[in-house]
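Trainee: Give me a 3D structure for the following:
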Amino acid sequence: MPDHDGTAVLARFLDVTVEFRCPDPADAAHLRYYLSDHLVPEDSRAALTVHLETEDGRAFTTALGTATTKRVRWRTPPGPWRLYEEWGTRARLPSPVPPFGLPPLRDLVRIRHGAALAAPDGSARALAVTGASGAGKSVVLVHLLRRNWQFVSDDLLVTDRRDQRLYYYGRPVGVRERSLPLLPWLDAAQLADAPRLPTRWGHTWMVRPERLGRCAPDGRPLRLAWRLHLTHGDRFTVQTDGPTSRVTWNPHRHLEELLAVCRQHTGDGDAHAA
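Mentor: Numbers count the residues shown, from 1 in each chain. Sure, this is the predicted structure:
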């Protein structure tokens with residue numbers, strides 16, 4: 001069972017304090033960057049503890065994507081440790097960072113794949129951008145941040161189990177190397193110090209959202225007013241059904257058409273659009 005060796009990082013999500021125990025200081029530095037909007041003092045009392053470990057004792061982040069055996073255990077103190085997952089090259093379960101799939105958070109929220117932005121008019125309405133990995137969600141997110149929309153989340157949609165409102169989750173935005181031609185205003189200063197990770201799509205920079213635009217207030221639930229679902233394809237098509245638009249597109253060929261759909265669909269977040 002896990003002991004107290006390693007480095008601890010404490011973060012708070014929806015008033016639930018979580019302690020992450022890491023095998024290597026490099027893992028702790030990575031988590032502090034990744035979860036910087038959610039960090040709390042080290043003497044905070046944790047309601048959930050997550051322990052990251054590797055078979056050979058090296059850094060967890062270094063072992064990701066390799067055949068090295070990795071394990072994640074968890075407990076709600078003072079309860080016993082439980083194994084969340086053990087895997088080699090590829091995990092089957094959702095990442096425990098953030099631990100929205102573990103108690104007590106899993107009883108409060110649902111998670112799904114997607115990005116979200118808050119309307120620039122301060123109306124507490126949000127747009128969810130969904131689609132498979134590589135469909136262009138982060139490209140749309142970064143462009144809308146340039147148009148005064150506010151960052152809510154990237155990669156994960158965090159919704160309340162009771163009323164389906166969206167919550168802010170301040171993780172970095174994944175900017176893929178192949179997407180840089182679509183984001184010509186991004187310069188070396190905005191990418192500086194951002195971790196660059198190898199992925200199946202090439203290198204991806206993990207950029208703090210405040211470098212790209214404004215962020216929605218943490219702790220303020222947002223009403224999901226619009227949904228934009230993206231599918232990659234060579235032909236540009238749009239199907240709109242009420243607040244939902246389904247778009248087939250190629251980001252490198254149809255970016256302006258897609259942004260026009262966003263403006264038409266949401267009224268650029270104007271208070272009179274919905």
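
Trainee: Please make it C-alpha for all contacts and neighbour counts, starting now.
Mentor: Will do.

Trainee: Specify the local secondary structure of Y169.
Mentor: Using DSSP: H, G, I helix; E, B strand; the rest coil, the structure places Y169 in coil.

Trainee: need the contact list for the residue nearest to it when sequence neighbours are not counted.
Mentor: Excluding its sequence neighbours, the residue lying closest to Y169 (C-alpha to C-alpha, 6 or more residues apart in numbering) is S153, at 5.1 Å. Contacts for S153 (C-alpha atoms under 8 Å, 6 or more residues apart in numbering) come out as A115, A116, L117, Y168, Y169, G170, R171.

Trainee: what do you get if the cut-off is 7 Å, keeping everything else the same?
Mentor: The contact partners of S153, by C-alpha atoms under 7 Å, 6 or more residues apart in numbering, come to A115, A116, Y168, Y169, G170, R171.

Trainee: give me the beta-bridge partners of R176?
Mentor: Counting by DSSP bridges, R176 forms beta bridges with T204.

Trainee: Give me the pLDDT for it.
Mentor: In the prediction, the pLDDT value recorded for R176 is 92.

Trainee: For it, give its distance to G134.
Mentor: According to C-alpha to C-alpha, to the nearest Å, R176 stands 9 Å off from G134.

Trainee: More neighbours: which of those two?
Mentor: Just comparing R176 and G134: by other C-alpha atoms under 10 Å the higher neighbour count belongs to R176, 21 against 14.

Trainee: And that one, how far from R196?
Mentor: Taken as C-alpha to C-alpha, the spacing of R176 relative to R196 amounts to 9 Å.

Trainee: Need the nearest residue in space to L52, chain neighbours excluded.
Mentor: In this structure, L52 finds its nearest non-sequential neighbour in V72, 4.9 Å apart by C-alpha to C-alpha, 6+ apart.

Trainee: Just say helix, strand or coil for the one you found.
Mentor: Per three-state DSSP, V72 ends up strand.

Trainee: Quick check, it in contact with T54.
Mentor: No - counting by C-alpha atoms under 7 Å, V72 stays clear of T54, with 8.9 Å between them.

Trainee: Of those two, which one has the most company?
Mentor: Set V72 next to T54 and count neighbours by other C-alpha under 10 Å: T54 wins out with 22 against 19.

Trainee: So which residues of the stretch 101-250 of the chain form strands?
Mentor: Under the criterion DSSP state E, counting those that start in this stretch, strands of the stretch 101-250 of the chain are mapped to 109-113, 115-118, 125-131, 150-153, 156-160, 166-167, 173-176, 196-199, 202-207, 223-232, 237-241, 244-249.
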